[in-house]
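1. Predicted model follows, preceded by the sequence.
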Amino acid sequence: MAVAEAQSLERLNQLLSRLRERVPFYRDRLPTGGLESLHQLAELPLTTKEDFRQTYPYGMLAVPLPEVVRIHASSGTTGRPVITGYTRADLDLWAECMERVYRAGEVGPGDVVQNAYGYGLFTGGLGFHIGAERLGCTVIPTSSGVTQRQVMLMADLGTTVLTCTPSYALVLAEAIAAEAQRPPLKLRVGFFGAEPWSDGMRRQIQYGLGLEAFDIYGLTELGGPGVAVECHEHNGLHIFEDHFLAETVDPETGVPVPRGEPGELVLTSLRREASPVLRYRTRDRTILTDEPCPCGSPFVRMLKVHGRTDDMIVVRGENVFPSQIESILLAIEGLTANYQIVVDREAKQLDSLEVVVEAAPHTDHDRLQELAAERIRETIGLRAEINVLPPGVLPRSEGKAKRVIDRRSV
Ligand code: DLL
């Protein structure tokens, strides 16, 4: 057995005995005794968001509350929020993972990090904050919003590293482009995540902000950002396998799928003390690949998340992912990443699919409309009404963008 595998197995067995001893939710679900091989992981039960809701607020804690020094939560558009706790050691481990994220972009002491992820219950703000501080960077905790001030500080304080959602990065790029004179910026690297974004969007962000854009992945249930990050190859995100075990399963059946095939990402936290999770169904769709990466990292890669199992929309029997539409739009010169998908259903009529998208200034809207409709029909097999708008009409997001408006469910 490879050293890394033996270490993972040992940590997994420690995790199982902790879960059995300390978390009533897992006690009756887990077999007694340890595993002999990592392959047996697939025989253990999966954990879902619903399980977190059922055990709200403290039912998943594996330590007494006095040992929990921090709590974060994901807002959740419906139902109870998902709660995750951290012991002091958990905060140290999180900071270590986030430090590793920054190192992927060669960030270090001397860098000025402007952190425009929201601070608060959301894990983005404080996660990026503690990692940058631990690394010895100069941190500007702007949180998200107040765009004009962000741009001013970026120029005046010499920001070299920007962290925010990709949609907010675009808002910042627009604000910079709108200045009478482009402010002198020192931006070099950015870490963008918390929502799906395409390579087309990456190009727009890199061009608009003049930096190298890294994709970063994480989720509240696993402790926040710092689960995986891209290397300079920008061809998949390396999962920190010394902290998290990754699998992919068929979203319908929960049965593992082989590496290289699309599936739902399932994650196990190996080292978290307060809120450890076993085989958590993330609902994120990706592909895990063992192909060696030219960067030399031993960690498995997850390809860019191409949507969630629960934001797939079914229109006239076809499965549609917002990220698919985004890639189609951004492959057309003149269209932007400011778009929304509107699905509607009139009585006794087929569902309608409308794509509303802003174009760059001075473009031929009719031509763009035709092109987009044609490409969507060719790629997804659906007739869509395309509405090309001038810049600045659609709502902008300071956090995660809302891409789909499904009027059928109203
Ligand atoms: O979004 C944690 C985070 C903060 C990640 C900052 C990266 C940067 P939640 O609010 O719990 O946590 O949302 C987690 O967001 O299951 C994915 O669906 C989505 N997501 C996160 N990162 C990415 C990414 C944070 N890089 C949910 N690409 C996850 C695509 C992402 N989707």
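-> Thanks, I have it.

2. Return the distance of Ser17 relative to Gly223.
-> Note on Ser17: its distance to Gly223, by C-beta to C-beta, to the nearest Å, is 20 Å. To be clear about C-beta, it is placed using only N, CA and C from the backbone, and glycine gets the same treatment.

3. what's the answer for Phe299, then?
-> Per C-beta to C-beta, Phe299 is found 17 Å from Gly223.

4. for Glu273, same thing?
-> Applying C-beta to C-beta, one obtains 11 Å for the distance of Glu273 from Gly223.

5. okay, and the common contacts of these two?
-> Between them, Glu273 and Gly223 share the neighbouring residues Asp90, with contact defined by C-beta atoms under 8 Å, 6 or more residues apart in numbering.

6. Kindly confirm my reading that Ala228 forms part of a helix.
-> No - looking at Ala228 with DSSP: H, G, I helix; E, B strand; the rest coil, it is strand, so not inside a helix.

7. So what's the residue count around it?
-> Ala228 sits with 29 neighbouring residues when counted by other C-beta atoms under 10 Å.

8. And the one 4 residues further on, by the same measure?
-> A total of 12 residues lie near His232 under the criterion other C-beta under 10 Å.

9. In the stretch 251-400 of the chain, what residue lies closest to the ligand?
-> Among all residues of the stretch 251-400 of the chain, Val305 sits closest to the ligand, at 3.6 Å; criterion: C-beta to the nearest ligand atom.

10. For the stretch 151-300 of the chain, list the residues in contact with the ligand, please.
-> Contacts of the stretch 151-300 of the chain with the ligand, taken as C-beta under 6 Å from any ligand atom, map to 193-196, 215-220, 224-225, 282, 284.

11. ok, now how distant is the nearest residue to Gly224 once chain neighbours are set aside from Ala116?
-> Leaving aside its sequence neighbours, Gly224 sits nearest to Thr123 (C-beta to C-beta, 6 or more residues apart in numbering; 2.8 Å). According to C-beta to C-beta, Thr123 and Ala116 sit 15 Å apart.

12. which one of these two has more residues nearby?
-> Relative neighbour count places Ala116 above the other of Thr123 and Ala116, with 31 against 25, counting by other C-beta under 10 Å.

13. OK, contacts around that one?
-> Neighbouring residues of Ala116 by C-beta under 8 Å, 6+ apart: 142-144, 150, 162-164, 168, 172.

14. if I look at it, how far off is Thr253?
-> 40 Å.

15. now the lengthiest helix in the chain, how far from the centre of its chain.
-> Among the elements of the chain assigned as helix by DSSP state H, the one spanning the most residues is helix 3-22. Averaging C-alpha positions (C-alpha atoms, centre = their mean, to the nearest Å) puts helix 3-22 26 Å from its chain's average.

16. what helices or strands is it leaning on?
-> helix 24-27, strand 262-269 (3 or more C-beta pairs under 8 Å, 6 or more residues apart in numbering; DSSP states H and E).

17. Now with 10 Å, please.
-> When contacts are defined as 3 or more C-beta pairs under 10 Å, 6 or more residues apart in numbering; DSSP states H and E, helix 3-22 sits against helix 24-27, strand 244-249, strand 262-269.

18. how about that helix: buried residues?
-> 8-9, 11-12, 15-16, 18-20 (16 or more other C-beta atoms under 10 Å).

19. Flag the shaky bits of the stretch 1-150 of the chain, pLDDT-wise.
-> 1, 76-78 (pLDDT under 70).

20. what residues does it put near the ligand?
-> Taking C-beta under 6 Å from any ligand atom as the criterion, the contact residues of the stretch 1-150 of the chain with the ligand come out as 74, 117, 122-124.

21. Per-residue pLDDT of Ser409, please?
-> In this prediction, Ser409 carries a pLDDT score of 64.

22. returning to that earlier point: who has more neighbours, Phe299 and Gly223?
-> When neighbours are counted by other C-beta under 10 Å, Gly223 comes out ahead of the other of Phe299 and Gly223, with 29 against 19.

23. Helix or strand: which one has Ile71?
-> Taking DSSP states H and E as the definition, Ile71 sits inside strand 70-74.

24. partners of that strand, with directions?
-> Strand partners for strand 70-74, identified by DSSP bridges, are recorded as strand 82-86 (antiparallel).

25. Just the buried positions in the strand it pairs with, please.
-> When burial is assessed from 16+ other C-beta under 10 Å, strand 82-86 yields the following buried residues: 82-86.

26. again, but for stretch 198-211
-> Within stretch 198-211, the residues that qualify as buried by neighbour count (16+ other C-beta under 10 Å) are 198, 200-202, 204-205, 208-209, 211.

27. before we move on, what about stretch 227-238?
-> Neighbour-count burial for stretch 227-238, counted by 16+ other C-beta under 10 Å, picks out 227-231, 235-238.

28. Can you lay out these as JSON lines showing pLDDT?
-> Listed next are the buried residues of stretch 227-238 as JSON lines, based on pLDDT from 0 to 100:
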{"residue": "Val227", "pLDDT": "98"}
{"residue": "Ala228", "pLDDT": "98"}
{"residue": "Val229", "pLDDT": "98"}
{"residue": "Glu230", "pLDDT": "98"}
{"residue": "Cys231", "pLDDT": "98"}
{"residue": "Asn235", "pLDDT": "97"}
{"residue": "Gly236", "pLDDT": "98"}
{"residue": "Leu237", "pLDDT": "98"}
{"residue": "His238", "pLDDT": "98"}
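
29. Switch the residues you listed over to JSON lines; also include distance to Pro184.
-> What follows is the buried residues of stretch 227-238, written out as JSON lines (distance: C-beta to C-beta, whole Å):
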{"residue": "Val227", "distance to Pro184": "35"}
{"residue": "Ala228", "distance to Pro184": "34"}
{"residue": "Val229", "distance to Pro184": "29"}
{"residue": "Glu230", "distance to Pro184": "28"}
{"residue": "Cys231", "distance to Pro184": "29"}
{"residue": "Asn235", "distance to Pro184": "32"}
{"residue": "Gly236", "distance to Pro184": "34"}
{"residue": "Leu237", "distance to Pro184": "32"}
{"residue": "His238", "distance to Pro184": "34"}
